[in-house]
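J.: My questions concern the predicted model and sequence given below.
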Amino acid sequence: MNTQTAAKWFGWIILIVGIAGFIPGIVSTSGLELGIFHVDPMHNLIHIVSGLIALFCAQSLGAAKTFFKIFGIVYGLIAILGFIAPGGVVLGMVMNTADNLLHVVIALYALYYGFRSEGVTA
């Protein structure tokens, strides 16, 4: 998959996840999306904005690569903070271990597409 296609897929997925975070039934009364990931309105808004930015950046290879580089570094830092933050609160958002592990996976995905040579096919 090329970087622009990866950005499109990523953008749509994270946008849908962010919107789903506002839908009762998908999020439990204890704030768990799909019963696994801790979310709150700020968390959902960040996902929605990130998804929209990814979709916008997917329009050019340079923008998609830059998005993934920045996003991968930021999510990597958020994952690290999530593992060490007291009470699992990072930037005002509560995160659990599942969130932190997902953030690691997202960071690795983003960094892969941000820094790989476009001549490599996946």
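T.: Now that the structure is in, tell me what you want to look at. Residues are numbered from 1 along each chain as shown.
J.: List the strands paired with the worst-scoring helix or strand of the chain on mean pLDDT, with their directions.
T.: Across the helices and strands of the chain, the lowest-confidence element by mean pLDDT, DSSP states H and E is strand 89-90, at a mean of 74. Using DSSP bridges, the strands paired with strand 89-90 are strand 93-94 (antiparallel).
J.: Heading C-terminal from the strand it pairs with, find the next helix or strand.
T.: Downstream of strand 93-94, the first helix or strand assigned by DSSP states H and E is helix 97-115.
J.: Report all helices and strands that that following helix contacts.
T.: helix 3-20, strand 37-38, helix 61-84 (3 or more C-beta pairs under 8 Å, 6 or more residues apart in numbering; DSSP states H and E). (C-beta placed from N, C-alpha, C; glycine too.)
J.: Save those as JSON lines, and put in mean neighbour count and distance to residue 45 too.
T.: Formatted as JSON lines, these follow (neighbours: other C-beta atoms under 10 Å; distance: least, C-beta to C-beta, whole Å):
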{"stretch": "helix 3-20", "mean neighbour count": "19", "distance to residue 45": "7"}
{"stretch": "strand 37-38", "mean neighbour count": "18", "distance to residue 45": "15"}
{"stretch": "helix 61-84", "mean neighbour count": "18", "distance to residue 45": "15"}
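J.: Which one of these lies nearest to residue 107?
T.: Minimum separation from residue 107 across these (C-beta to C-beta) falls at helix 61-84, 3.8 Å.
J.: name the helices or strands packed onto that closest one?
T.: Counting by 3+ C-beta pairs under 8 Å, 6+ apart, helix 61-84 packs on helix 3-20, helix 41-57, strand 89-90, helix 97-115.
J.: ok so, going back, can you tell me which of the helices and strands packed on helix 97-115 the model trusts least?
T.: If you rank the helices and strands packed on helix 97-115 by mean pLDDT, strand 37-38 sits at the bottom with a mean of 83.
J.: ok, it: who's next to it in the sheet?
T.: Counting by DSSP bridges, strand 37-38 is paired with strand 32-33 (antiparallel).
J.: now the partner strand: how far from the chain's centre is it?
T.: 15 Å (C-alpha atoms, centre = their mean, to the nearest Å).
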